[in-house]
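Peer 1: here is a sequence together with a model predicted from it:
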Amino acid sequence: MVSQVFALEVDGKPTLAFEAQNMTQARELCKEWWLRADLSSQKSNGTALCDAGSKLSVRRASVEEAPLIGQAAATAKPSDDLVLVELDG
């Protein structure tokens, strides 16, 4: 099955792009505790990307966002199971 590119939004703001087999698999990423923890520890302009009350959602990546995952995958380590690309919004 061919992977598709999705965008993770935090409180409606595009934050990450990643590949998944389908929308169901992409939505499962939002339930991962480690993702919320990582996003909570990352900051943009001094503000955490995510907090305990943030809403995480996914959608298909836009035509501008989708190519970013290919560029990141080209430089990823072979052991990387999941490649996440930060989006500037």
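Peer 2: Here it is on my side, so go on.
Peer 1: so Leu87 is in contact with Ala17, correct?
Peer 2: Yes. Counting by CB atoms under 8 Å, Leu87 touches Ala17, with 5.8 Å between them. Quick note: C-beta positions are derived from backbone N, CA and C, even for glycine.
Peer 1: what helix or strand is Val58 on?
Peer 2: Using DSSP states H and E, Val58 sits within strand 56-60.
Peer 1: got the contact list for that strand?
Peer 2: Residues from elsewhere that reach strand 56-60 (CB atoms under 8 Å, 6 or more residues apart in numbering): 4-10, 12, 23, 26-27, 29-30, 35-36, 50.
Peer 1: which other helices and strands contact the lowest-mean-pLDDT helix or strand in the chain?
Peer 2: Least confident helix or strand of the chain, by mean pLDDT, DSSP states H and E, is helix 66-75 with a mean of 75. Secondary-structure packing of helix 66-75 (3 or more CB pairs under 8 Å, 6 or more residues apart in numbering; DSSP states H and E): strand 13-20, strand 85-86.
Peer 1: got the buried residues for the first one?
Peer 2: Just to be clear, that refers to strand 13-20. Judged by neighbour count (16 or more other CB atoms under 10 Å), strand 13-20 contains these buried residues: Pro14, Thr15, Leu16, Ala17, Phe18, Glu19, Ala20.
Peer 1: same thing with stretch 41-55?
Peer 2: Leu49, Cys50, Ser54.
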